[in-house]
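# give me a model of this one.
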Amino acid sequence: MEPMSLQDFVCSLDPASLPRVLQVCSGVYFQGSIYEISGNECCLSTGDLIKVTQVHLQKVVCENPETGQTMVLAPNFQGHFSLLTGPQSYGTLEELVSAANQSSKKLPICFMSTYKIATKARVVPEKQPLKLVAVEMHLGTCCARCVLDTGAQQVLLHLPLSQKGPFWELEPGTHRTLLQVLQDPALRDRLLTCPALPWCSQTLRPEYKIEAIMHIFSNLRTAGTISAAQTQGADLAKDHRGQLKSVQSDSWLQEGPQAH
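Here you go, the predicted model:
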């Protein structure tokens, strides 16, 4: 395993693989990351081992990349997310189609509008995914033939290319829950959209709490338990200025004390 930050390790961790033993490869923990072990205060240094026994998702910070505004999502947030292809929006459907042609994208393409679209057939809610399957003439107007999937049925719509947005292109695929997004390393730091949130696009930053046992090589090889209260994800993941790597330590896994 290549060295990585503790935050990156936790984000990509399969809980079924616990316990895992990590070694501090470089750097130490700063800004109050001091823990009490057997009545003595200590901090982690290069070479020390951390036996991670439990990982708990505490909250998810949702950020608007355009304004920097943030809000906190609970781990049980029920909204569903779609993946945006990029940070650019399009003022009309014609601009969206033109951009797809210039990048040699083949139809169908998925997109959404940040405003409601009123048609004779129905009203398309804001942020509702649509699939553009063809560009054709309809009743004498050049239109985008689109499919709206309501779950119960698929509705065919003809939207004029002059239809105003803004429109955002979406990557094809099913909607993802919050936990599905967080568990997919390929989606880390990607732009997302969710109808249940007030912003057109957002990024997600999870914060975890870990339960771990520290084996301090730099302090007479003493082992101890870090309590949950002392292992807030902000303390460990944000304050660590170096890197860690996974190591094999079967005897320690079997004989070490258990985390509280």
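# please name the bridge partners of Thr203.
Using DSSP bridges, the bridge partners assigned to Thr203 are Glu63.
# could you count how many residues lie near it?
Thr203 has 15 neighbouring residues, counting by other Cβ atoms under 10 Å. No exception for glycine: its C-beta is placed from N, CA and C like everyone else's.
# surely it touches Glu66?
No. Taking contacts as Cβ atoms under 8 Å, Thr203 lies outside contact range of Glu66: 10.8 Å.
# contacting residues around stretch 106-115?
For stretch 106-115, the external contacting residues (Cβ atoms under 8 Å, 6 or more residues apart in numbering) are 82, 89, 96, 100, 124, 126-135, 147, 165-172, 193, 200.
# try 6 Å
The contact list for stretch 106-115 (Cβ atoms under 6 Å, 6 or more residues apart in numbering) reads 100, 126-127, 129-133, 165-170, 172, 200.
# same check on stretch 116-130?
In contact with stretch 116-130 (Cβ under 6 Å, 6+ apart) are residues Cys110, Phe111, Met112, Thr114, Tyr115, Cys146, Leu148, Leu157, Leu170, Pro195.
# which of these sits closest to Cys25?
Distance to Cys25, by Cβ to Cβ, is smallest for Leu170 among these, at 39.0 Å.
# what about the stretch 151-260 of the chain, any weak spots by pLDDT?
In the predicted model, the stretch 151-260 of the chain carries pLDDT under 70 at residues 215-260.
# now the helices for it?
Ranges of helices within the stretch 151-260 of the chain are 178-183, 233, 239, 250-255, based on DSSP state H, counting those that start in this stretch.
# export the first one as CSV, just CAs?
The C-alpha trace of helix 178-183 is given here as CSV (Å, rounded to 0.1, in the frame of the first residue of the first chain):
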residue,chain,number,x,y,z
LEU,A,178,-25.1,9.8,0.1
LEU,A,179,-23.4,6.6,1.4
GLN,A,180,-23.0,5.3,-2.2
VAL,A,181,-21.2,8.5,-3.2
LEU,A,182,-18.9,8.4,-0.2
GLN,A,183,-18.0,4.8,-0.7
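# centre of the chain to that helix, how far?
6 Å (Cα atoms, centre = their mean, to the nearest Å).
# got the buried residues for that helix?
Leu178, Val181, Leu182 (16 or more other Cβ atoms under 10 Å).
# give me the residues contacting it.
Here helix 178-183 makes contact (Cβ under 6 Å, 6+ apart) with Phe77, Phe81, Leu187, Pro206.
# secondary structure element for the first one?
Assigned by DSSP states H and E, Phe77 falls within no helix or strand.
# with adjacent residues omitted, what lies nearest to it?
Nearest residue to Phe77, sequence neighbours excluded (Cβ to Cβ, 6 or more residues apart in numbering): Leu178, at 4.8 Å.
# equivalent analysis for Tyr90, please.
Leu96 (4.2 Å).
# Pro166 against Thr92, yeah?
No. Taking Cβ atoms under 6 Å as the definition, Pro166 is not a contact partner of Thr92, at 9.1 Å.
# ok, so of the contacts of helix 178-183, who is nearest Lys105?
Using Cβ to Cβ, those come closest to Lys105 at Leu187, 20.6 Å.
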